[in-house]
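Visitor: got a sequence here, can you build the structure:
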Amino acid sequence: MSSSDAIETASIRSKLQEGQRLSPIEMDHLSLKNPTLHQKAESVEESRANFENSLASCHTKQEARDTLMKALNRDANTAIKASATESSEDNDIIDEQAAEASTVQQMVTSLMTQIKASLGSSSKAGKTAEIAESAKAIKADVETASETSIPLPPLKDTSPGVNEQDILETFLFKIRALQNAWDKFIHTQDYKTMPEGLKEAGKQPPDSRVMDMIKRYSPYKIQTQMATASNVDIAQ
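Guide: Numbering: from 1, shown residues only. Sure, this is the predicted structure:
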């Protein structure tokens, strides 16, 4: 790789670390010059796109916050499962791999605990300003995790291009991408005008609507309505 290509790749990696979206040109560069990082970037963009699509269908601030937490948990679970799978591929080094997998799992769990704590008070308060602060807290949490966990001890080469380092780095890229998308979303007019919850929106929870429908169209009521209609016809 030429020095100019190396500089470009380093710049792109920095964007991923900041949770920024890559341009098609940057994705093409990675595809040619760094396939491993390109694979990570594709996974990150898929996670971001799914999250943004889910946010677009939210009707309340609480629903949006729940969507964020689900996305964070989903990516954390993906990282932990990938770590466990990768560690068990070779029985000859399973003890060493299991120890390092445990390290990654501890890092992921620790980071998620910090993030949940950051979101917890804001979720209860439901104030846009505090939610914005929690987005900054997620960024700080990930930066701290990046500084303390990368690089991990080198692993034996069990599968081409895949190791604990890659799994953890991809996870951190994803969390930053979600944080970036969330930070942008909460500053949109759509989010600011959203009601806090279903009560403020004047909506009934889905279960209540279903129960109302069942009550409205219960067999007894239908029979009563049919009998009433028949009596009217006979009377006429």
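
Visitor: for residue 163, see how far away residue 56 is.
Guide: 35 Å (CB to CB, to the nearest Å). (C-beta placed from N, C-alpha, C; glycine too.)

Visitor: these two: which is more packed in?
Guide: residue 163 (22 against 10; other CB atoms under 10 Å).

Visitor: gap between the more buried one and residue 14?
Guide: Residue 163 is 22 Å from residue 14, by CB to CB.

Visitor: okay, domains of the chain per the record?
Guide: Domains of the chain are assigned by automatic domain parsing as 3-203, 204-236.

Visitor: what mean pLDDT does the first one get?
Guide: Going back to what we said before, that points to domain 3-203. Mean pLDDT, domain 3-203: 77.

Visitor: can you start the count at 24 instead of 1 from here on
Guide: Done: numbering now begins at 24, and the last item shifts to domain 26-226.

Visitor: so which residues of this protein form helices?
Guide: For the chain, the helices defined by DSSP state H occupy 26-40, 47-56, 58-79, 84-110, 117-148, 151-172, 187-208, 212-215, 221-224, 229-239, 242-258.

Visitor: pLDDT score for residue 243?
Guide: 45.

Visitor: same question for residue 258.
Guide: 46.

Visitor: do the same with residue 235
Guide: pLDDT, residue 235: 54.

Visitor: repeat for the one 4 residues further on
Guide: Confidence at residue 239, expressed as pLDDT, is 51.

Visitor: residue 253 too?
Guide: At residue 253, pLDDT is 49.

Visitor: assess the claim that residue 220 and residue 84 are in contact.
Guide: Yes. Contact criterion CB atoms under 8 Å: residue 220 and residue 84 qualify, at 7.3 Å.

Visitor: comparing those two, which residue is more hemmed in?
Guide: Taking neighbours as other CB under 10 Å, residue 220 and residue 84 compare with residue 84 leading, 22 against 15.

Visitor: from residue 104, how far off is the more buried one?
Guide: Distance, residue 84 to residue 104, by CB to CB: 31 Å.

Visitor: can you check residue 214 too?
Guide: 32 Å.

Visitor: between the two, which has more neighbouring residues?
Guide: The residue with more neighbours, out of residue 214 and residue 104, is residue 214; 17 against 12, by other CB under 10 Å.

Visitor: surely the more buried one and residue 88 touch.
Guide: No. Applying CB under 8 Å as the test, residue 214 and residue 88 come out as separate, 10.5 Å apart.

Visitor: identify the contacts common to those two.
Guide: Contact with both residue 214 and residue 88 is made by no residue, according to CB atoms under 8 Å, 6 or more residues apart in numbering.

Visitor: pull out the buried positions in stretch 86-106.
Guide: Within stretch 86-106, the residues that count as buried by 16 or more other CB atoms under 10 Å are 86-88, 90-92, 94-95, 98-99, 101-103, 105-106.

Visitor: same check on stretch 51-58?
Guide: 52-53, 56-57.

Visitor: make TSV out of those residues and add distance to residue 66.
Guide: Formatted as TSV, the buried residues of stretch 51-58 follow (distance: CB to CB, whole Å):
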residue	distance to residue 66
52	17
53	12
56	18
57	14
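
Visitor: looking at these, spot the one nearest residue 24.
Guide: residue 56 (5.9 Å; CB to CB).

Visitor: counting neighbours, what do you get for the spatially closest residue to the closest one that is not a sequence neighbour?
Guide: In this structure, residue 56 finds its nearest non-sequential neighbour in residue 28, 5.1 Å apart by CB to CB, 6 or more residues apart in numbering. Residues lying near residue 28 (other CB under 10 Å) number 13.
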